[in-house]
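Build me a structure from this.
(one chain, ligands or ions: 2)
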Amino acid sequence: MEVGFLGLGIMGKAMSMNLLRHGFKVTVWNRTLSKCDELVEHGASVAETPAAVVKKCKYTIAMLSDPSAALSVVFGKDGILEQICAGKGYVDMSTVDADTSSKINEAITAKGGYFLEAPVSGSKKPAEDGQLVILAAGEKALYEEVIPAFNVMGKKSFYLGQVGNGAKMKLVVNMIMGSMINAFSEGLVLAGRSGLDPSVLLDVLDLGGIANPMFRMKGPTMIQGSHSPAFPLKHQQKDMRLALALGDETATSMPVAAAANEAFKKARSMGLGDLDFSAVYETVKALEQPSQKS
Ligand SMILES: NC(=O)C1=CN([C@@H]2O[C@H](COP(=O)(O)OP(=O)(O)OC[C@H]3O[C@@H](n4cnc5c(N)ncnc54)[C@H](OP(=O)(O)O)[C@@H]3O)[C@@H](O)[C@H]2O)C=CC1
Ligand SMILES: O=CC(=O)O
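Ligands and ions are numbered 1, 2, ... in the order given. All right, here's what the predicted structure looks like:
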């Protein structure tokens, strides 16, 4: 199967590498073209523009940072719309909001193409291991045609119906995740300031009802103050912002998520946006320790 792949960041690189490893013929494009070199070493072809990828491939997958990147690759100069036509499919796996996905869907289908949104749950390591959870919505026929690619990139694919449902599901999941990492950060700092060993807290958590892979994986490096980016904090803050907007639309009160978003914004203002989202821990550590007397 031949596929195009747009966006070779942390996720896109790992996902397209998996496709190559499993025998797919892959044509890649990245805004910073030099990032294509490593994929070429593993057998990929390169195209100069998104339009050139679509011209060459029946199916094109995108994994881009945010709504503005997703829109510019479709609507911009040399973008997807210049070449999409009947018989070609476009699958956007970026995390965006439902409005962005719907705009892209309308434009692609107006040209006769097929569209599927398919954001993913899982980070750098699951992407490398082909263990993502894929949240697809849109054209069912396209979903069925690209299942062989999803099976290589992920461990489970959900088909969620109309365009927008994939985006919404992803935002709900990341809203929960972003709130959890904040509560976890506060717990680690509280343990330390209470004279407890935070690494013992990790062991206690891991044996109880709130044990989870995120605490298990991130806890030890957070305690060391190491936040090498797997999921960049700026993207987690984007997801909180988009989830809160979904909360506005649906009149859903989310005070916990709103507080978590403020913490991520604070982290960005401290220059931590390119680090892993676990760096929100540093904002809690940076808060002045209240005096014991007051
Ligand atoms: N990292 C993770 O753990 C996960 C991330 N996601 C989501 O996946 C998406 C990608 O994440 P990730 O790979 O981590 O992000 P990165 O920041 O590593 O990569 C972002 C990619 O988007 C490209 N890009 C940014 N702006 C534009 C633009 N205006 N036009 C064209 N290309 C652009 C970048 O190109 P360039 O190289 O030129 O900058 C790069 O290829 C995001 O939506 C994120 O929320 C979902 C699940 C997990
Ligand atoms: O979007 C991030 C993830 O870990 O999933």
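
Return the residues in contact with the residue of the stretch 1-150 of the chain found nearest ligand 2.
In the stretch 1-150 of the chain, the residue that lies nearest ligand 2 is Ser123 (3.8 Å; C-beta to the nearest ligand atom). Using the backbone N, CA and C atoms, a C-beta is placed for each residue, glycine as well. Each residue near Ser123 by C-beta atoms under 8 Å, 6 or more residues apart in numbering is listed here: Ala230, Phe231.

Looking at it now. What's its pLDDT?
Note for Ser123: predicted pLDDT of 94.

Around ligand 2, pick out the residues from the protein.
Applying C-beta under 6 Å from any ligand atom, we find that the chain lies next to ligand 2 at Thr95, Ser121, Gly122, Ser123, Asn174, Phe231.

pretty sure the last one is touching Phe277, no?
Put plainly, it is Phe231. Yes: look at Phe231 against Phe277 with C-beta atoms under 8 Å: they come within range, at 5.2 Å.

on that earlier part again, out of the residues of the chain next to ligand 2, which touch ligand 1?
Among the residues of the chain next to ligand 2, ligand 1 is touched by Thr95, Ser123, Phe231 when using C-beta under 6 Å from any ligand atom.

Which of these sits closest to Leu20?
Nearest to Leu20 among these is Ser123, at 20.3 Å by C-beta to C-beta.

which residues are contacting stretch 230-247?
10, 65-67, 95-98, 123-125, 168, 170-172, 174-175, 177-178, 181, 227, 252-254, 257-258, 260-261, 264-265, 267-268, 272-277, 279-280.

What are the buried residues along it?
Buried residues in stretch 230-247, counted by 16 or more other C-beta atoms under 10 Å: 230-240, 242-244, 246-247.

Put the alpha carbons of that stretch into PDB.
What follows is stretch 230-247, C-alpha atoms only, in PDB (Å, rounded to 0.1, in the frame of the first residue of the first chain):
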ATOM      1  CA  ALA A 230       7.500  13.000  24.500                       C
ATOM      2  CA  PHE A 231       4.300  15.100  24.500                       C
ATOM      3  CA  PRO A 232       5.200  18.800  24.300                       C
ATOM      4  CA  LEU A 233       3.600  20.900  27.000                       C
ATOM      5  CA  LYS A 234       2.500  23.600  24.400                       C
ATOM      6  CA  HIS A 235       0.400  20.900  22.700                       C
ATOM      7  CA  GLN A 236      -1.200  19.800  26.000                       C
ATOM      8  CA  GLN A 237      -2.100  23.400  26.700                       C
ATOM      9  CA  LYS A 238      -3.600  23.600  23.200                       C
ATOM     10  CA  ASP A 239      -5.700  20.600  24.000                       C
ATOM     11  CA  MET A 240      -6.900  22.000  27.400                       C
ATOM     12  CA  ARG A 241      -7.800  25.200  25.600                       C
ATOM     13  CA  LEU A 242      -9.800  23.400  22.900                       C
ATOM     14  CA  ALA A 243     -11.400  21.100  25.500                       C
ATOM     15  CA  LEU A 244     -12.500  24.200  27.500                       C
ATOM     16  CA  ALA A 245     -14.000  25.700  24.400                       C
ATOM     17  CA  LEU A 246     -15.900  22.500  23.900                       C
ATOM     18  CA  GLY A 247     -17.000  22.900  27.600                       C
END
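
Many thanks, I have nothing further to ask.
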